[in-house]
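Undergrad: Just to be clear, the model below is a prediction. Sequence and coordinates:
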Amino acid sequence: MSNSLAKYIFLFGILLLLHAAYSAAQHRSYLRLTEQEFTSLPADIILQTIFSLLLTVYGVTMVAGDFKEIRSNIDLQKKTWMNLNNRPSFYTFNHRGHIFNPILLTRTGTGKGALEAN
């Protein structure tokens, strides 16, 4: 199914769900005006709500695309051992190694590190 058709199904389901909510509110206000006791919603409003909810859920699942496996070993089977060890989020480029750089030691003239010279 194309993605645009799934979007239209989702939109139609949302509109039907909003219409069912509006119908339920209108039914409640009608019962208040006629001073009747509320027992339950009419069957057509309940059926419209269930149908629109199912349509909306179907549209959302089609728009979301392919789902990933819950089991992590499916994704890990495709990676090599070298790729598993590579974690760019743990790379650190701002470290204290520049203090011990000989160029910085001679530039200050005092033999102190770069942080102590400032």
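TA: Thanks, I have it. Residues are numbered from 1 along each chain as shown.
Undergrad: what sits against residue 2?
TA: Contact analysis of residue 2 by CB atoms under 8 Å, 6 or more residues apart in numbering lists nothing. Every C-beta, even on glycine, is put in place using the N, C-alpha and C of the backbone.
Undergrad: Please, where are all the helices along the chain?
TA: Shown for the chain, the helices assigned by DSSP state H span residues 3-33, 43-64, 72-76, 81-85, 102-108, 114-117.
Undergrad: Out of those, flag the one nearest residue 91.
TA: When the helices of the chain are compared for distance to residue 91 using CB to CB, the nearest one is helix 81-85, at 12.6 Å.
Undergrad: what is the rounded mean pLDDT of the closest one?
TA: The average of the pLDDT scores along helix 81-85 is 70.
Undergrad: I'd like the helices of the chain laid out as a markdown table, including mean neighbour count.
TA: Formatted as a markdown table, these follow (neighbours: other CB atoms under 10 Å):
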| stretch | mean neighbour count |
| --- | --- |
| helix 3-33 | 14 |
| helix 43-64 | 15 |
| helix 72-76 | 9 |
| helix 81-85 | 8 |
| helix 102-108 | 11 |
| helix 114-117 | 12 |
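Undergrad: Redo these as a markdown table? Include distance to residue 91.
TA: As requested, the helices of the chain are exported to a markdown table (distance: least, CB to CB, whole Å):
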| stretch | distance to residue 91 |
| --- | --- |
| helix 3-33 | 37 |
| helix 43-64 | 32 |
| helix 72-76 | 21 |
| helix 81-85 | 13 |
| helix 102-108 | 22 |
| helix 114-117 | 22 |
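Undergrad: Can you pull up the most central residue in this protein?
TA: Nearest residue to the geometric centre of the chain (CA atoms, centre = their mean): residue 64, 10.2 Å.
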